Each structure stands twice: as C-alpha cells, then as structure tokens.
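> dropping a prediction and its sequence here:
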Amino acid sequence: MEVKWVSACFLFKTLKVNLLPWLVLCMLCSWPCLSVDLNPQDKASLLLIRSWIDDDPNHSMSSWVGSNCTNWTGIGCYNHTGRVISIDFTTMNLSGRIHPSMCKLVDLESLILSRNSFFGQVPACFGWLKNLRTLDLSHNKFHGVLPDSLMRLGQLRELILRGNRDLGGAIPSWLGNFSTRLEKLDLGFSSFHGQMPDSLFQSRSLKYLDFESNHLSGTIAEFSQPLMFLNLGSNSFSGTLPCYSAAAHSLKVLNLANNSIVGGIPTCIASLAELTHLNLSLNHLNYAISPRLIFSEKLLVLDLSFNDLFGPLPAKIAAMTDKSGLVLLDLSHNRFSGSVPLKMTELKSLQALFLSHNLLTGEIPARVGNLTYLQVIDLSHNTLSGSIPLTIVGCFQLLALVLNNNNLSGEIQPELDALDSLKILDISNNWISGEIPLTLAGCKSLEVVDFSSNNLSGSINDAITKWLNLKYISLARNKFTGNLPSWLFSFQAIQIMDLSGNKFSGFIPDGNLNVSFDFNNASYNGTRLPMESPEIQISVAVVGINELTFKYQLPSTVVIDLSDNLLRGEIPDTMFALQGLEYLNLSYNSLNGEIPNLEKMWSLRALDLSHNALSGEIPPNISSLRDLAVLNLSFNSFSGSVPKNESYKGSREHLLGTHICAWRRKDVMMVRASWQFPEGRFVERMMKGRYWHGFSA
C-alpha cells in the first residue's frame, strides 16, 4: 500500500493539470446507479416467486413494489440491462416452495436462499441457470436427491447445501467433475450415504470440501488437490490417517472427528505447514504419540480427545513452543500417563486446556500460572496429587477451573479470590480439607460451585452470599457443621442445591424460598429420565483468528437435597409451595410434624422424606401430582390410609418400605411403573434411601 500511495502522490505532483473533473467522472462511472429499472420479464418472474411464499414474518418482500431494483430487498440487478443477477434471501425466515419462474432468471450469477424454511425437492430446472457461480440452499428443508441437471452448471464455483437433513441419497458420480471452476462444496449436516465418488479426489479446482454429519463410509483416502479446508467429521469413515501430501502447503482445517479411524497419528501430519485446526477426536486411534510429531506455530486448535492414545503426553507440540499460537488443546478421554509436561506451560497463547479422563500422576505444575490467557482448564478424572498451586491465580482470565476426581489435598487458598472472572469451580471428589475462606467472596462471578466429597469442615460462611449469580452449589459429603444460614435460599438464579451428607443442624430456614426463579416456576419439558450424575457440559469454540467462545450447560433439573444431616423441626410450608422444584430429598434427618400441603408442587418428580420422625396423615392430594415418579415416605410414623393412584404399582418389585418390603401405612415407597430405571443400581439405592441422593453415579 505504501508503494501505491507514494506512486499516486508522485503522479499528482508531476502532472500539472486539473484532475478533479476526471476524478469526479471516474467516481460517477463506478458508483452504483441509484435507479435501475427491473427487466419486465424478470420482474414478472420475481412476483411469481413471491406468490409461492407461505410466510414472510419480517415483511422482507413488502418492498417489492415499483420497478426500481435497488428497492427490492434481496435482489441485485445489472446496471445496464436491469436483469436480475443475484438473489440473497439469507435469514429472511421465508417459508414455501420454489416457484419454477426462478429458473427463468437466466442471468443469475448468485442464488443464496440460506437459513429459511424452503421445502420440497431441489428444483431440477436450476440446471438452466448456466451463468450461476454460487448456489447456496443451506439450512432449509429441502428433501430428496440432487437432480442430475445440476451437472450443467459448468460455471459454478460454490455449491452449498448444508443443513438440509432430508436431502441425501448417494453422492452423484458427476459431482467432482461437472465444473472445472468448483472451489467450494458443502453438503454438511445432510443425509448422504455410501462412498465418495472418485471424481471428488481428482477435482483440481476444489479447495473447500465439507461433508460433516452425513452417513458416508469407506476408507479415508488421500486427495490429489491442494485443499485448504477438509471436513469429513461425524461419518463412518474407516482406515488409517493419510498424510494429505498434496495439501502440505495449503490445508488449514482438517476435521476427521467422530469416525472409525484406527492406528496412530503419522508424523507426516506435522508437514501440513499451514494447518490451523486439527480435530481427530472420537475415533479409535490407539498408539503413543511420536515425539517427532511437532506442528508449526500456526496451529490454533488441536483436539485428539476420545481416542485410545497412550504413553506420555507430548512434551513438545510446536516447533517453537514460546511462539506457538495454540489456543485450544484437548487431549482428554485417552490413556495418557505420567506427569503434565512443563513445556505445556510455555504455550503462552493457550486459552483452553483439557486433559481430563486420563491416567496422569504427579502434581499440577506451578508454572501453569504462566498461561495468562487461559480461560478453561480441566484436569479432572486423573490421579493428580499435591495441592492446588497458588500460582493458578496468574490465570486471571480463568472462567472454569475443573479439578474433580483426583487425589488433591491441602486447603482452599484464600488468594483464589483473585480469580474474579471465574464462573465454574469444581474440586469435588478430592481430599481437600479446611474451611471455605471468607476471601472467596471475591470470586463474585461464580455460577457453578462443587466442593462435594472432600474433607471440608466448619460452617457455611457469608462469602457465599457474594456469589450473586449462583446456579449450582454442592457441598455434599463433607464435614460441615452448624445451622443452615437464613440466607440459604436467597439466590435468584439457583437451580441445584445439594448440602447432603454433612452434619448441619437446626431448622430448615423458611425465608427467601420465593426468590429463586427456577424453584418457583413450573416448566414442563416432556418426560425426563431419573436424576443421574449431573454433568456440566463445557463447550468452547475458536472463532476468528484466536478468539475463544465459552459456554456451559447445566442439567435441566431443579433440585434441593438436604438429606443425611442433623436437621430437626418442621418442614417449612414455603418449601412445599415451590412450583418449579422437581427433586426434594430431606431423608435421614430428625424432622417432625406433618407433611405440608403440596398441591402447588406441580413439577415434583421425586420426593424422599424417609428416615425422619414425621407423623400425621399422608396428604391425599399427593396422588394428584402427575409427574411424581418416586415417592419415599418410609421409616416415619404416618397414620391413616395411603392415597390411591392408578399410576402407582403396589408390587414387591416397586414398593420398598421397611427391610421386609411390606406395604404398611407407616412405611410407604411408591414408584410409577412407567418409568424405566437402571435395574439393580436404582433398587439398591432405594433400599438405602439414596436413589438420587448426592447425584452420585
């Protein structure tokens, strides 16, 4: 640019003439015409196209009046003739069929109908549009097979049919050679099956190929062209991984995830000098990673998760580790062993690190604090030992710290309050001891906190009240003591609260139970399976050059579990007025009094009040709760009759009261027969009164 600007300035200084009129003339010639009259024939065709539109919620086509092409939304015309050369209906939310008159727009060069609800078969008459360079029908509801007439589109450069789930059949043999100019072919998220035709492997012009999420099979093969983008993920390809030598200096994105590829990762993959994204996850790769597999500094994403790779973690991923641009590294769900390499802490650009579900040992490297861009770190489900390094606070942008299911010990360090952006903190199933530091109030962004199954003690302090966005908290199976604080239910966003398996005493606080939106708002989402171990699904994606998007998903259940404590007194009436509560477990306490009226608990699916000192009659309206599938009132002192309901089955297989499995008025367990439970495990839990207690698998 500098050379051009200098050259232009030089011309202006040497030519001693007034160039202003010429500049104005050039601008007028190049400026789009403010008024282009539509060709009458094309206008008539467009109006017929509109007549077949069933729904135009955004009123996009209301501008289709008069003859000025520039006023017609989504339509582009050639300045001199008024012929329609482009149609772009992207995200107009239109629905309907394609009128055959669209095929009369013979000058069309670009036809983009992406992200609407057009349905029917792909019109065969599209083959008449011989000037077409871009055909984008993605994310609609087209069905059937590709018409052979499309092979006439010899000028086509982009064919994008992605996201039409009912569009499929075998891939036509002509698809790879019908156009010598075809650069982009995207049939992702459709229903094509069988093998890819040989013509695709020979197409010289092809640069972008996306067949993700179809039903394709066959051996994964080499391509002879210098592809830039290859996405064959979520199919049934088999065989070993090719080298893609023809694309050594062009391939940027390679996604072969979720197939049946076997063997190891050949070192020749590292020869792909331009590679930025490599995803080989969810395959059957089952070798150790060669120390010679070293990628270029251009690699942004490396995902080898959900394979059977073993041996030590790769000590060196990039040729020059400190200059690596790696943003996401996922080696989780393999059989890697040994310690976390120190070289991994030199990947300064790293924003997401997933090493969970391996056989890693040793301590978390103190140098992890050097990863100042890190937003997500998941080292869970290993056998890591030692304490959580204090240097972790150097990762000041951290959003998720997941260390559960290891052998970590020590205490929660007060300095962790520096992680004020942290949303998820999971240190469950370790040997962490001590109390929750008051300074943890500084982690004001926390939304998910799981301290369960540790050796934590003391009382619940006020630090938790500063976690204003709290959605999920589990302190289960620790050694906490003291009374439950009055503010316990004061979190507006709380959805799951599990304080079971401690030594909390005193009364259940009855204040603030009307604060939580999820506790108080019934939302029927169809039949759900019984509560299992809640997995918090974290997903990240790299967009743009190196920007990471982070999101997580909680189980869609609403839970209060205060079981297995030392609580006494009566159950607050307000707790039994929570319309959105689905699972309530107060078993194994010393609660007394009667069961409050529960006619408002419309969402209730499981209720366990067993092993208390409750008395009185069982509320008759308990049988009106249509979603109630699990009811355990055993080991109390109830009187009166058991409410009848045809939804419950009173057999020895489904009615578990005392140790002799008898049906007694004071020993009531009812399970709706229509629900399918994992045999054995669920019954065993019910015998213990733990059928969903603690959410343990």
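Thanks, I have the structure now.

> pLDDT averaged over stretch 42-52, what's the number?
For stretch 42-52, the mean pLDDT works out to 97.

> now swap in stretch 624-634 and tell me
pLDDT averaged over stretch 624-634 gives 90.

> likewise for stretch 558-576?
Averaged over stretch 558-576, pLDDT sits at 96.

> all helices of the protein, in order?
According to DSSP state H, the chain carries its helices in the segments 2-14, 20-30, 40-51, 198-202, 517-520, 681-688.

> quick check: end-to-end length of stretch 449-462?
End-to-end span of stretch 449-462 (C-alpha to C-alpha, to the nearest Å): 15 Å.

> residues in contact with it: which ones?
With contacts defined as C-beta atoms under 8 Å, 6 or more residues apart in numbering, stretch 449-462 is touched by 404, 412, 425-436, 438, 441, 467, 470, 472-485, 487-488, 498, 694. The way it works is simple: take the backbone N, C-alpha and C, and place the C-beta from them, glycine included.

> pull the distance from that stretch to the chain's centre.
Mean-position distance between stretch 449-462 and its chain equals 29 Å (C-alpha atoms, centre = their mean, to the nearest Å).

> buried stuff in it?
Applying a neighbour-count criterion of 16 or more other C-beta atoms under 10 Å, the buried positions in stretch 449-462 are 449-454, 456, 460.

> residues contacting G144?
121-122, 166-167, 169.

> out of these, which are inside strands?
Among the contacts of G144, the members found in strands (DSSP state E) are 121, 166-167, 169.

> compare those and tell me which has the most neighbours.
Within the ones in strands among the contacts of G144, neighbour counts (other C-beta atoms under 10 Å) peak at L167, which reaches 24 neighbours.

> gap between it and R97?
Computed as C-beta to C-beta, to the nearest Å, the L167 to R97 distance reads 15 Å.

> got it, and S234?
Distance of S234 to R97, computed by C-beta to C-beta: 30 Å.

> do the same with A366
Counting by C-beta to C-beta, the gap from A366 to R97 is 64 Å.

> ok, F118 next?
Distance from F118 to R97, counting by C-beta to C-beta: 7 Å.

> pick out whichever of those two has more residues nearby.
Set F118 next to R97 and count neighbours by other C-beta under 10 Å: F118 wins out with 22 against 14.

> for the residue lying closest to L598 once chain neighbours are set aside, which residues are in contact?
Using C-beta to C-beta, 6 or more residues apart in numbering and skipping residues adjacent in sequence, the residue nearest L598 is F576, 4.6 Å away. By C-beta under 8 Å, 6+ apart, the contact list for F576 reads 595-598, 600-601.

> same check on L129?
103, 105-106, 108, 111, 135, 153.

> low-scoring stretches of the protein, by residue?
Applying pLDDT under 70 to the chain flags residues 1-34, 523-535, 544-545, 644-697.

> could you chop it up by domain?
Domain assignment for the chain by automatic domain parsing gives 38-189, 539-551+566-576+584-695.

> wait, isn't A257 in contact with L278?
No. If you go by C-beta atoms under 8 Å, A257 and L278 don't touch, sitting 9.8 Å apart.

> shared neighbours of those two, anything?
Shared contacts of A257 and L278 (C-beta under 8 Å, 6+ apart): D303.

> grab the nearest non-local neighbour of N592.
Excluding its sequence neighbours, the residue lying closest to N592 (C-beta to C-beta, 6+ apart) is A613, at 4.5 Å.
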